[in-house]
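**Student:** no sequence for this one, just the structure:
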């Protein structure tokens with residue numbers, strides 16, 4: 001029961017982040033949405049930062065679970081990159097509230113450790129892309145700068161997430177993805 005309530009709190013918080021208006025989400029507004037007292041929230045989470053940590057944990061588990069699945073299913077380095085980029089953009093599109101967490105929008109005025117954790121998520125994605133790029137280099141026999149290219153791809157992904165959030169979730173991150181991937185990875 002406690003686990004279910006915790007999950008319900010996180011789902012409601014994520015849903016509240018989906019509103020295009022950038023209203024600050026308070027524990028009072030979250031409690032009102034759930035029709036519980038603020039004290040009830042604090043029985044499950046010590047503070048709001050812990051709630052955001054829960055959302056970040058969900059993002060990490062989902063994203064890296066899917067990245068690992070792509071890595072085991074796909075031996076072609078270029079296909080790994082294409083599928084990873086597409087998955088990251090589609091994840092944001094399906095989870096607008098999580099997109100605001102991913103770009104740090106929802107973390108403004110929250111514990112700075114939360115943004116550090118998102119930055120670490122970016123770094124892990126970049127390392128994964130770098131590994132796939134190195135596989136692609138080996139497979140094609142061409143030599144590129146995997147580090148620089150992986151960074152460019154991460155910047156592209158973050159940019160698409162930003163555009164999605166700042167457009168009030170109207171500009172879909174997956175729009176033009178196939179054409180743009182061709183430009184990003186031309187082996």
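**Tutor:** Happy to help now that I have it. Owing to the predicted nature of the structure, the values given are computational and were not obtained by experimental measurement.
**Student:** what's the spacing between residue 45 and residue 35?
**Tutor:** Note on residue 45: its distance to residue 35, by Cβ to Cβ, to the nearest Å, is 17 Å. Yep, even glycine has a C-beta here, placed from its N, CA and C like the rest.
**Student:** so these two - more neighbours on which side?
**Tutor:** Between residue 45 and residue 35, counted using other Cβ atoms under 10 Å, residue 45 has the larger neighbour count: 19 against 7.
**Student:** any stretches of this structure with poor pLDDT?
**Tutor:** Using pLDDT under 70 as the threshold, the predicted model of the chain has low-confidence ranges 1-2, 187.
**Student:** and the lengthiest helix in it, how far out from the chain's middle?
**Tutor:** In terms of residue count, the longest helix belonging to the chain (DSSP state H) is helix 112-140. The gap between the average C-alpha position of helix 112-140 and the chain average comes to 13 Å, counting by Cα atoms, centre = their mean, to the nearest Å.
**Student:** now it: buried residues?
**Tutor:** Neighbour counts using 16 or more other Cβ atoms under 10 Å place 114, 117-118, 121, 125-126, 128-133, 135-137 of helix 112-140 among the buried residues.
**Student:** what of stretch 144-156?
**Tutor:** 146, 149-150, 153-154, 156.
**Student:** dump those into JSON lines; add distance to residue 107 as well.
**Tutor:** Supplementary listing: these in JSON lines, determined by distance: Cβ to Cβ, whole Å:
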{"residue": "146", "distance to residue 107": "30"}
{"residue": "149", "distance to residue 107": "28"}
{"residue": "150", "distance to residue 107": "24"}
{"residue": "153", "distance to residue 107": "23"}
{"residue": "154", "distance to residue 107": "18"}
{"residue": "156", "distance to residue 107": "21"}
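**Student:** any idea how far the residue nearest to residue 93 when sequence neighbours are not counted is from residue 28?
**Tutor:** Here the nearest residue to residue 93 in space, its sequence neighbours aside, is residue 173; by Cβ to Cβ, 6 or more residues apart in numbering that works out to 5.1 Å. Residue 173 sits 32 Å away from residue 28 when distances are taken as Cβ to Cβ.
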